[in-house]
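Student: this one's structure only:
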């Protein structure tokens, strides 16, 4: 598959080479072309197809839409915006079933999702034969959007990581995920800790989810029974970050009674809690929704 964004004097469009007609028929995807060309499917761009040198090309007119990835550099991504994006994705998936179209052929990479600001609608591209597991695509999209999320929206953060936790579960269906998407974000505010008042019952912390690229996996607190040392040292650290900004022993996380503490280990480039730098050797209580930074590597507390 080859995707090209093109423009002419009259229009902007996406050209996609999807293979030969013979290949489409052999893969049982041939019937999908007329389905996507002849039907208006919610939140999916409607293509036209053509054959050039034996290859089938799809042409999607983008009109006044812009690539979502670029829009998010200017547009505030908060819980409401996230709910808008995923509710429209879910509606598109439900509509595909009516036309016997596979959701796995949707392309959910943010550089190929379009957004039209005046009507606040996304535009999705469908490529017969793309065949990427839809739950994996949703998870990867969420992981990308996490890095652009406005962390001042604490109810939105909890909402976002609720979606992420759900889509990561093997037993969760797309229908159940859709129900989670459509929840009102205000419904999750009750589990957020107040900065001034300590609640008797707070949501239990289960781990840290990476927001930047230096970490390959989450820090699952249940995997450790003692102090977790974070750092660059191979022998010294329990959880290793390999970027040069991380100290050999950078910070540690440990339990103190019923609370989880983050403590800086006199690191060179600092440990930050909600963008406030901890003093050398200073410890702070972690709460769900906090953002921790080890130098330039960010994690969300779930």
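Tutor: Sure, I can see it. These figures come from a predicted structure and were not determined experimentally. Numbering: from 1, shown residues only.
Student: quick check: closest non-adjacent residue to the residue nearest to the spatial centre of the chain.
Tutor: Residue closest to the mean C-alpha point of the chain, counted by CA atoms, centre = their mean, is residue 142 at 1.1 Å. Distances taken as CB to CB, 6 or more residues apart in numbering place residue 164 nearest to residue 142, at 5.0 Å, with adjacent residues excluded. Just so you know, the C-beta spots here come from the backbone N, C-alpha and C atoms, and that holds for glycine as well.
Student: ok so the one you found is a helix residue?
Tutor: Yes. When DSSP: H, G, I helix; E, B strand; the rest coil is applied, residue 164 is found to be in a helix.
Student: right, and it touches residue 140 too?
Tutor: No. Residue 164 is not in contact with residue 140 according to CB atoms under 8 Å; the separation is 10.8 Å.
Student: compare neighbour counts for these two and give me the winner.
Tutor: residue 164 (19 against 16; other CB atoms under 10 Å).
Student: so how far is residue 69 from the closest residue to residue 285 other than its chain neighbours?
Tutor: Spatially, and ignoring its direct neighbours in sequence, residue 285 is nearest to residue 259 (5.1 Å; CB to CB, 6+ apart). From residue 259 across to residue 69, the span is 38 Å (CB to CB, to the nearest Å).
Student: neighbour-wise, which of the two wins?
Tutor: residue 69 (16 against 12).
Student: quick check: phi and psi at that one.
Tutor: phi -60, psi -40 (degrees, to the nearest 10).
Student: give me the packing partners of the lengthiest strand in the chain, helices and strands only.
Tutor: Counting by DSSP state E, the longest strand found in the chain is strand 12-20. Under the contact definition 3 or more CB pairs under 8 Å, 6 or more residues apart in numbering; DSSP states H and E, strand 12-20 sits against strand 2-7, strand 55-61.
Student: between these, which one is closest to residue 220.
Tutor: Among the helices and strands packed on strand 12-20, the nearest to residue 220 by CB to CB is strand 2-7 (35.9 Å).
Student: for the helices and strands packed on strand 12-20, give me TSV that also has distance to residue 29 and mean neighbour count.
Tutor: Below are the helices and strands packed on strand 12-20 laid out as TSV (distance: least, CB to CB, whole Å; neighbours: other CB atoms under 10 Å):
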stretch	distance to residue 29	mean neighbour count
strand 2-7	17	12
strand 55-61	10	19
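Student: quick check: which of those is nearest to residue 231?
Tutor: Closest to residue 231 of the helices and strands packed on strand 12-20 is strand 2-7 (CB to CB; 40.6 Å).
Student: what helix or strand is residue 97 on?
Tutor: helix 79-98 (DSSP states H and E).
Student: got the buried residues for stretch 7-21?
Tutor: By neighbour count on 16 or more other CB atoms under 10 Å, the buried set for stretch 7-21 is 12, 13, 14, 15, 16, 18, 19.
Student: please state the offset of that stretch from the chain centre?
Tutor: Relative to its chain's centre, stretch 7-21 lies at 27 Å (CA atoms, centre = their mean, to the nearest Å).
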